[in-house]
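**Q** Provide a 3D model corresponding to the input given below.
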Amino acid sequence: MRTAFFVSLAGILAITTGAAQQARDATATPTVGTASIVGTVVVDEPDGQPLRLVSISLSLRSAAGFLERQTSTDDRGRFELTNLPAGTYGPPVASKAGYAWTTYGAKRPGGVGTPVTLVDGQRMTIAFKLLRAAVITGMLQDNGRPVEQTSVRATAVKTVNGVRTSGGTGGSATTDDRGIYRIWGLQPGEYVVGASPRFGSQGEIRPITDAEMQWAERQLQPGGMQAASATPGGSTAPPPGQPVAPSPVYYPGTTDFTAAATVTVTAGQERSGVDFGVSYVATARISGTVVDPEGKPATQAQLTLVPMLDPNVAMVDSMFMLDSMMMSNRATVIAGKFSVAGVRPGRYTVGARGASSSASGGANPGPGRGSQPPMTLWAAAEVTVDGRDQTDVELRLQPGMTLSGSTAFEAGTAQAPPDPSRATVRLTAAPTAGVSVSVNVPSGPMEADGTFKLEGVAPGRYLLSASMPGATAAGGTWVLKSARVGDVDAADTAFEVRPNQSIQGIVLTFTDKSAELTGSLLDATGKPTTALSIILFSTDRTMWSNRSRRMRQPVRPGSDGKFRFTSLLPGEYYLGALSDFEQSDVYKPEFLEQVAASAMKVTIREGEKKVQDVKIAGG
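**A** Have a look, this model is predicted:
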C-alpha cells in the first residue's frame, strides 16, 4: 500500500513510497539500435523561422562505454538521429554560432535539460528554440594606447541578498592590434568583464623616477659628467624606481572584483563601448634559501608561491588565481637559493618540497619514477607582500609525516573480497580549501595483508579517497564505505596532519552493498513528467559541500519520468524537487536550507534498493 505526503511550500511535492522495483537489463547496451529522434530547430522569435546547420548532439553512457551521435539541421530546420540503441541519454544539445546553445527541456538557455529515454523501435519527436546570442565588445587601453594580445573574459554573475556570485557560463576573447575585443555567443544576463594582462610578458617594469630624470639631465649638460666625477658620489645614478606589474582589472577600471560594474545584455544584443584601461600595482621580490634538516643548502627542492584567499569571499577572482599560479610556476631553487620577482601585494604561502640527502645520493628511485627521488621533505612560511622586497625568507626542510593503516571488506554476496596483493588501490590525500602547499602524496601498493603506508605528507587538513579499479563483486563494484582516522570518517570530513605527528591505524572499509534510489516524477494526475529536477542530499548539514559523497547533483527525470541515484551510502537524506536553479547554488547552505524546508526525508539502508516516487502537488 502506498501512502502519499503532500507538501505545498514552493509548489514542491507529494511523495509516494513503495517497496517494489522493476528488474533492470544487466546486459551491455549495443551501439546500434532501432530507435530514433526527429525534430526541428527554430529561432525563439515571434516569426519562428527555421534554422539550418544547427549542430544536434546526443550522448549515452552505459556498461558498453560512451556513445555519442551528432547531426545537423537541413534548410527547413529539421534533423534526425537514427539507429539509436535503447537507453537513457543525456539531454540533447543544440548549438549554432551566433545563437545561445540550449539543451532539450531546459527552462532557459544554459539551464538544466531533460534526459531522453528510448525503447527499441521508438520514434521520438522533440523541438528546440534558439535565442540569438549576445555580444560584449570594447577596447582595452594603457594610458590611451591599445593593449594587444590580452585575454578579456565575461563572467556571468548574479546578486542574491547583496552578495555577488557566479551565475552560469561566460565567454572570452583576445584583444587585437587595436586593443579591441569581441566576446560573442553569450547567454542573456549580467556579466562582469575583466582583463588579465600576461604576467611577465614585458619582464620587470620599473617606471623612471623624477630623481633619475634629473640625474640624466645633469649628465647631458656641458661638463656635467666631469663635474659629477669630481663630486663624491656625483656619478652614481639614483636607485631605480619601484617595480610594477599589470594587475587583473575589471570594467570600468577597478582591480577589485566585488567593485566591478555589471554589463547586462539581452538576446541578440551587441553591447559596445565596454572600454577600460589596465592597471599597475607595486610588486616586490621574495628571495631566500631552502636548507635541508642539517642546515645545508638543499640540492633537490621545488618551490611554490600560492596566494592565500579569503574563504569568506563568495566568488574567487579566477583571473588573479590563474595569474598567480603562472608566477608560482616560474619559481626555481638553485643551490638552495630562490628568488621570485614581480610578486603583487597580498598574503602568500611559500612552500617547498625536497628530497632527503640519502634519497638523492644515487639510490635507485624505483621503477616508473625516472631519475627523480621522492619528495618526502617539506617546508612552508607565510609572507605578506606590500611592495617591499623580502630577501631573508628561510625554508628549512623537515621530514613529512606518515599515514598508515589497513583495509577491510564488507561483502553482501558469497563472492570473496579481492586480494589486496593483486588489486590496485589508490589513496589520495586531498587538501581542503585554504591549504596552499602542494603535497602530491604518493600512492602505495597494498601489501598482501591489506596494510598500506604513505610517507612524506606535509601538515594540513585532508580528505582521504580510495578506489579499487577493476575489482567488481557479484553485487556490484566495490566502493569506499569509510576511511576512519580516529573518530573521523576522513572520506567526508577533513582531518588534520600536524608537524611531527604521523598517523597510524587508518582503516579503509570497502563494501559491495551500496544502495540505490529510483522513482518516477509524476504530475498532479499521476502521469510521468519532466517538469522538475530531483535533488538528493544528506540531512547532516556538515555534509553540504562539493566534496561530500552524500550530496548528489540535481538530475532531470528522463522522458519517461524516471530518475535514479546509484552507489548511495546509508543514511538519512532530503529528497526535493527544483523548478529551476543555478549549478553554482547547489552546494550553498542558504540554497539547501530553502530546499530542505520543503523536501521529504528519506532513510536509505545499506544495500537497499528503494523506490520512491515524487508527485507534484496539485492545486
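**Q** From now on I want contacts and neighbour counts done on CA atoms only, so please keep to that.
**A** Noted.
**Q** what's the neighbour count on Arg145?
**A** If you count neighbours by other CA atoms under 10 Å, Arg145 ends up with 11.
**Q** any idea how the protein splits into domains?
**A** Domain ranges of the chain: 4-19+514-616, 35-130, 134-202+244-281, 283-361+373-399, 401-477+485-502, per automatic domain parsing.
**Q** Out of the ones you listed, the one nearest Gln219 is which?
**A** Gln219 lies closest to domain 134-202+244-281 among the domains of the chain, at 26.5 Å (CA to CA).
**Q** model confidence over the closest one, on average?
**A** Averaged over domain 134-202+244-281, pLDDT sits at 87.
**Q** Could you work out the end-to-end span of that domain for me?
**A** 33 Å (CA to CA, to the nearest Å).
**Q** Likewise for stretch 48-66?
**A** First-to-last residue span, stretch 48-66, CA to CA: 34 Å.
**Q** Could you number the chain from 7 rather than 1 from now on?
**A** Shifting the count to begin at 7 puts that one at stretch 54-72.
**Q** Would you mind pulling the contact partners of it?
**A** Under the contact criterion CA atoms under 8 Å, 6 or more residues apart in numbering, stretch 54-72 has outside partners 33-37, 46-49, 73-85, 93-102.
**Q** give me that answer again for 6 Å
**A** 34-35, 47-49, 73-83, 95-96, 98-102 (CA atoms under 6 Å, 6 or more residues apart in numbering).
**Q** Which residue is the nearest non-sequential neighbour of the residue nearest the centre of the chain?
**A** Geometric centre of the chain, nearest residue: Asn552, 9.6 Å, by CA atoms, centre = their mean. Nearest residue to Asn552 in three dimensions, chain neighbours excluded: Tyr593, at 6.2 Å (CA to CA, 6 or more residues apart in numbering).
**Q** got it, and Ala387?
**A** Using CA to CA, 6+ apart and skipping residues adjacent in sequence, the residue nearest Ala387 is Val356, 5.3 Å away.
**Q** by contact count, what packs against the host helix or strand of that neighbour?
**A** Assigned by DSSP states H and E, Val356 belongs to strand 352-360. Under the contact criterion of 3 or more CA pairs under 6 Å, 6 or more residues apart in numbering; DSSP states H and E, strand 352-360 touches strand 307-313, strand 383-391.
**Q** re earlier: tell me if I am right that the residue nearest to the centre of the chain is in a strand.
**A** No: assessed with DSSP: H, G, I helix; E, B strand; the rest coil, Asn552 is coil; it does not lie in a strand.
**Q** Looking at the domains of the chain, spot the one closest to Glu218.
**A** Shortest distance between Glu218 and these, using CA to CA, is found for domain 140-208+250-287: 16.6 Å.
**Q** Quick one: neighbours of Pro560, just the number.
**A** Residues near Pro560, counting by other CA under 10 Å, number 19.
**Q** secondary structure element for it?
**A** Per DSSP H and E: Pro560 is located in strand 557-561.
**Q** List the neighbouring strands of that strand plus their orientation.
**A** In the sheet, strand 557-561 lines up against strand 539-544 (antiparallel) (DSSP bridges).
**Q** Residues contacting the partner strand, please?
**A** Taking CA under 6 Å, 6+ apart as the criterion, the residues outside strand 539-544 that touch it are 556-558, 560-562, 579-584.
**Q** Most neighbours among those residues, please name it.
**A** Arg562 (29 neighbours).
**Q** need the contact list for it.
**A** With CA under 6 Å, 6+ apart, Arg562 has these contacts: 120, 539.
**Q** Ramachandran angles for it?
**A** Phi and psi for Arg562, reported as degrees, to the nearest 10, are phi -90, psi 130.
**Q** where along the stretch 307-456 of the chain do the helices fall?
**A** Here the stretch 307-456 of the chain has its helices, by DSSP state H, counting those that start in this stretch, at 324-335.
**Q** Roughly how far does Asp392 sit from Thr295?
**A** From Asp392 to Thr295 the distance is 21 Å (CA to CA).
**Q** Ok, Leu574 next?
**A** Leu574 sits 49 Å away from Thr295, taking CA to CA as the criterion.
**Q** Give me the more crowded residue out of these two.
**A** Higher neighbour count among Leu574 and Thr295: Leu574, with 23 against 20, using other CA under 10 Å.
**Q** Hmm, the more buried one is touching Thr517, no?
**A** No: in this structure, Leu574 is not within contact of Thr517 by CA atoms under 6 Å, at 11.2 Å.
**Q** a markdown table for the helices and strands packed on strand 352-360, including distance to Ser473?
**A** Formatted as a markdown table, these follow (distance: least, CA to CA, whole Å):
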| stretch | distance to Ser473 |
| --- | --- |
| strand 307-313 | 29 |
| strand 383-391 | 26 |
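**Q** mean pLDDT lowest for which of those?
**A** Out of the helices and strands packed on strand 352-360, strand 307-313 stands lowest, with a mean of 82 (criterion: mean pLDDT).
**Q** Give the pairing partners of that one; include direction for each.
**A** strand 352-360 (antiparallel).
**Q** Next, the buried residues of the strand it pairs with.
**A** Residues of strand 352-360 classed as buried by neighbour count (16 or more other CA atoms under 10 Å): 353-360.
**Q** returning to that earlier point: identify all contacting residues around the strand holding Pro560.
**A** For strand 557-561, contacts defined as CA under 6 Å, 6+ apart pick out 539-543.
**Q** now, the most widely separated pair of the residues you listed?
**A** Of all pairs drawn from the contacts of strand 557-561, the one with the longest distance (CA to CA) is Ser539 and Phe543, at 13.3 Å.
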